[in-house]
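Enquirer: Return a 3D structure for these sequence lines:
(2 chains)
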Amino acid sequence: EPEVTQTPSHQVTQMGQEVILRCVPISNHLYFYWYRQILGQKVEFLVSFYNNEISEKSEIFDDQFSVERPDGSNFTLKIRSTKLEDSAMYFCASGDAYNEQFFGPGTRLTVL
Amino acid sequence: GESVGLHLPTLSVQEGDNSIINCAYSNSASDYFIWYKQESGKGPQFIIDIRSNMDKRQGQRVTVLLNKTVKHLSLQIAATQPGDSAVYFCAENLDSTLTFGKGTMLLVSP
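Expert: Predicted coordinates:
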């Protein structure tokens, strides 16, 4: 069964460093999403992406964040200058319709 | 039960019992609702969804009920199994953005 994959599973970085989180969505999906989940808290929407552009973004998704679909298969989330409060699980999701979303296993980001 | 934005409650049941997990959503304009299951260390897993023009939808061992009058959503799991132990949360969709609740932890004892 096709699934969303994410790499790395765990990323440790120093505050101020740039990180890129990678996702490979399900191959025939057209809608892509990033979410984050701070430990013990709810899943929070960051951004949705369709037709090679951002369709929606939340207040969390500020200028430090960017997304890209560089090669037609990968979908990346870049955090330019990480802060301690960026430590969280980051989930990528993809969908083939307006609403249905399938989640990847997540990348745990730890900012020291 | 849980409400979007509140602390994480826990529901403990015995294997074979039926479980009911509740969710109060916030926006009466939301048009689509999803229940997800999240096991420790894993991403959310789609369970069942329902659109706002329905009040009930059934899947395999699961039923979702939607009461738009009181903005309430529930997930019923029949014959709960130890493998059902996880955090369950609802999500509401508005303008292509999903808003998640914090979840309810379901603990199933053998």
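Enquirer: Output the below-cut-off pLDDT ranges for chain B.
Expert: Counting by pLDDT under 70, chain B has low-confidence residues at B:1-7.
Enquirer: For the residue most central in space within chain A, which residues are in contact?
Expert: The structure's chain A has its C-alpha centroid closest to residue A:34; by C-alpha atoms, centre = their mean the separation is 3.4 Å. Contacts for residue A:34 (C-beta atoms under 8 Å, 6 or more residues apart in numbering or on different chains) come out as A:21, A:23, A:46-47, A:67, A:77, A:90-93. Every residue, glycine included, has its C-beta placed from N, CA and C.
Enquirer: Which stretches in chain A count as strands?
Expert: Here chain A has its strands, by DSSP state E, at A:5-7, A:10-13, A:19-24, A:31-37, A:43-50, A:53-57, A:65-68, A:75-79, A:88-95, A:102-103, A:107-111.
Enquirer: Tell me the residues on chain A that lie near chain B, please.
Expert: A:4, A:33, A:35, A:40-45, A:48, A:55-56, A:58, A:91, A:93, A:98-106 (C-beta under 8 Å from any C-beta of the partner chain).
Enquirer: Now restrict those to buried residues only.
Expert: Taking 16 or more other C-beta atoms under 10 Å in any protein chain shown as the criterion, what is buried in these is A:4, A:33, A:35, A:42-45, A:48, A:56, A:58, A:91, A:93, A:99, A:101-106.
Enquirer: biggest strand in chain B, by residue count?
Expert: Under DSSP E, the strand in chain B containing the largest number of residues is strand B:86-94.
Enquirer: May I see the buried residues of it?
Expert: Going by neighbour count (16+ other C-beta under 10 Å), the buried part of strand B:86-94 is B:86-93.
Enquirer: Then stretch A:80-93?
Expert: Those would be A:82, A:86-93, for stretch A:80-93 by 16+ other C-beta under 10 Å.
Enquirer: Output those residues as TSV; include the columns pLDDT and distance to residue A:13.
Expert: Listed next are the buried residues of stretch A:80-93 as TSV, based on pLDDT from 0 to 100; distance: C-beta to C-beta, whole Å:
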residue	pLDDT	distance to residue A:13
A:82	97	6
A:86	97	9
A:87	97	9
A:88	96	13
A:89	96	15
A:90	97	12
A:91	97	18
A:92	97	18
A:93	95	23
